[in-house]
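In: pasting a predicted model and its sequence here:
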Amino acid sequence: MRSTKILLIVSVLILFCFSCDQKKSKVSIIKNGAEVYTGKMYVKVQFYKDNIVRVVKWTKEGTSDKKSLSVIQNDCQEIDIKSEENESSVILNSKELLVKINKVSGNVEYSTSSGEDILKETGEALLKPVVYDGDSGFTMQQDFSLTPTEGIYGLGQHQDGYFNYRGKEVKLVQSNTEAVNPFLISTAKYGILWDNYSMTIFKDNNEKTSIWSDMGDNIDYYFIKGSNMDKVISGYRFLTGTAPMYGKYAYGYWQSKEHYDTQEELLSKARQYRKLKIPIDNMIQDWDWWNGNLNWGSMVFDKTLFPEPEKMMEELHSMNYHAIISIWPAIGPNTEFYKDMDSKGLLYPTVGWAGFKYMDTYNPAANDLYCEYLNKGIFSKGLDGWW
C-alpha cells in the first residue's frame, strides 16, 4: 500500500515538473536581438538600426515567415547590440534604445538608452485562429500603454476631420476617398509601422491603445524612435523606401473639379484661367472620360467626348499647363480592356457598385497588362500623370 502511494506521488511530481517545463520560457540570442518562447507564443525582437526594432509574434500553429509588400529591408544589418537576461526579462541595448522582453507575457517595453520610458505593450497579445473561404490564419491584436499627454497622428488620409487620433477609433480599409497607411507617429517621438494588409482598426481610449487586424500569420510591426518627428518619418522611409520627388509643376496649384464632361469644356476653362491670369499649373481630368459606367476605366478616351486627346494635350502644354487624369483598378464590362483581363483570369469575381470588376493587383500579369493599356490609351497621348 505504501509503495503504491509513493509511486502515485512520484507520478504526480513527474507530471507537475513536465507541466512546468512546458510553460517555462526559452530564450535564444539571434542576430541583433532575441527570440523568446513564453510557453504560449514566440516573440522575436530584432534591431534593424540603432533606433528601429522589429517585433514578430506567433504561436506554435502559426509561423514567423513573412514576405512584406511594403518593407524593402529584407534583412537587418549587423549592429552592436548588448543583451542580458534575468529571471523575468531579456534586455537588449543599442546606442539609442533599450528594449525589454517579458519572458512570461511576451510584452515588449521601449526606453531610451538612459532608461527613460517611451512605450509599453500591455495585456496579452491576441492570436486567434480564423478561416475565411478556406484560407486559414489568425485574428490579432496588440495593446499599448501611452502617456496621457502624447498625440497620435498619421494612419493615412481620412474624412472624419480629426487630426490627433487620441480617444478615437480609425478603420484602416482602402476605399474611395479613404487612403490608409498603417503607420502612426507620436509627439513622444516614436512611430509604429503595423505590417498587415487585412482590415485593421486603431483604437484609443482611457483604458488602452490597441491595433487589431482581421487576419494574418503573425503580429508584425516596427517601432521607430527619433530625436524629432522628422527623424521618425526618416526611419519609415528607411524601411519602405524613399519616394522620388515629383516635377516642380506638381507642387503648384491643381485645378480639380468633380470632372469635366468634354474636351472642349476642359480647354475652354483652361483658356479662361490664362486670360484671367490665374496661376494654375495642373488641370485635372477626373472620372468618366470613358462615357458611362459600362465603359468604366476603359483606358480609352471616348471619341464623342474627347475626340482628339493629343491635340488637347498640345494646347494645354502650349499654355504651360500639365494635365493629370484619374485611373481606376475597376474595369467596365463593355470594354476591350475588361474582355482581355477576363479572358486571362485577371479579374476578381466581385461586381463593384457601378457594374465593374476589379483587377487582381497581386498578380504581376495583371499589372503588366494594366500598364500596357495605360500607356497605349492614356500616357502616349501626352498626359503628364495620373492618380
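Out: Looks like it arrived, so ask away.
In: just the helices in the stretch 1-150 of the chain please.
Out: Assigned by DSSP state H, counting those that start in this stretch, the helices in the stretch 1-150 of the chain fall at 2-23.
In: now do the strands in it.
Out: For the stretch 1-150 of the chain, the strands defined by DSSP state E, counting those that start in this stretch occupy 26-30, 33-37, 42-49, 52-58, 82-85, 89-93, 97-102, 108-112, 117-132, 135-145.
In: can you list the strands that the helix or strand following the last one pairs with?
Out: Put plainly, it is strand 135-145. Using DSSP states H and E, the helix or strand that follows strand 135-145 in sequence is strand 152-157. Applying DSSP bridges, strand 152-157 is found paired with strand 179-186 (antiparallel).
In: so the partner strand versus strand 117-132, what angle?
Out: Relative orientation of strand 179-186 and strand 117-132, computed by axes from the mean of the first three to the mean of the last three CA atoms, to 10 degrees: 150 degrees.
In: return the set of buried residues in strand 179-186.
Out: By neighbour count with 16 or more other CB atoms under 10 Å, strand 179-186 contains the buried residues Val180, Asn181, Pro182, Phe183, Leu184, Ile185, Ser186. C-beta coordinates here come from the backbone N, C-alpha and C atoms, glycine included.
In: I'd like those residues written out as a markdown table, with distance to Lys82 and pLDDT added.
Out: Shown next, in a markdown table, are these (distance: CB to CB, whole Å; pLDDT from 0 to 100):
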| residue | distance to Lys82 | pLDDT |
| --- | --- | --- |
| Val180 | 37 | 95 |
| Asn181 | 33 | 96 |
| Pro182 | 31 | 97 |
| Phe183 | 29 | 98 |
| Leu184 | 29 | 98 |
| Ile185 | 28 | 98 |
| Ser186 | 26 | 98 |
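In: flag the shaky bits of this protein, pLDDT-wise.
Out: Across the chain, residues meeting the criterion (pLDDT under 70) sit at 1-23.
In: can you dump the C-alpha atoms of the helix or strand where Phe337 lies in PDB for me?
Out: Here Phe337, judged by DSSP H and E, is contained in helix 336-343. Extracted in PDB, the C-alpha atoms of helix 336-343 (Å, rounded to 0.1, in the frame of the first residue of the first chain):
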ATOM      1  CA  GLU A 336     -11.900  45.600 -74.600                       C
ATOM      2  CA  PHE A 337      -9.700  46.000 -71.600                       C
ATOM      3  CA  TYR A 338     -12.300  44.100 -69.500                       C
ATOM      4  CA  LYS A 339     -12.500  41.300 -72.100                       C
ATOM      5  CA  ASP A 340      -8.700  40.900 -72.200                       C
ATOM      6  CA  MET A 341      -8.300  40.900 -68.400                       C
ATOM      7  CA  ASP A 342     -11.300  38.500 -68.000                       C
ATOM      8  CA  SER A 343     -10.000  36.000 -70.700                       C
END
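In: which secondary structure elements does it contact?
Out: Contact here means 3 or more CB pairs under 8 Å, 6 or more residues apart in numbering; DSSP states H and E; on that basis helix 336-343 packs against strand 330-331, strand 357-359, helix 364-377.
In: could you dump the strands of the stretch 1-150 of the chain to CSV with mean neighbour count?
Out: Shown next, in CSV, are the strands of the stretch 1-150 of the chain (neighbours: other CB atoms under 10 Å):
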stretch, mean neighbour count
strand 26-30, 13
strand 33-37, 21
strand 42-49, 23
strand 52-58, 24
strand 82-85, 12
strand 89-93, 20
strand 97-102, 22
strand 108-112, 19
strand 117-132, 16
strand 135-145, 18
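In: dump these to CSV, plus distance to Gly154.
Out: Below are the strands of the stretch 1-150 of the chain laid out as CSV (distance: least, CB to CB, whole Å):
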stretch, distance to Gly154
strand 26-30, 30
strand 33-37, 25
strand 42-49, 19
strand 52-58, 16
strand 82-85, 31
strand 89-93, 26
strand 97-102, 20
strand 108-112, 18
strand 117-132, 15
strand 135-145, 15
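In: can you say which of those is nearest to Ile233?
Out: For Ile233, the closest of these is strand 52-58, at 12.3 Å, according to CB to CB.
In: which strands border that closest one, and is each parallel or antiparallel?
Out: Strand 52-58 has the following strand partners under DSSP bridges: strand 42-49 (antiparallel), strand 219-225 (antiparallel).
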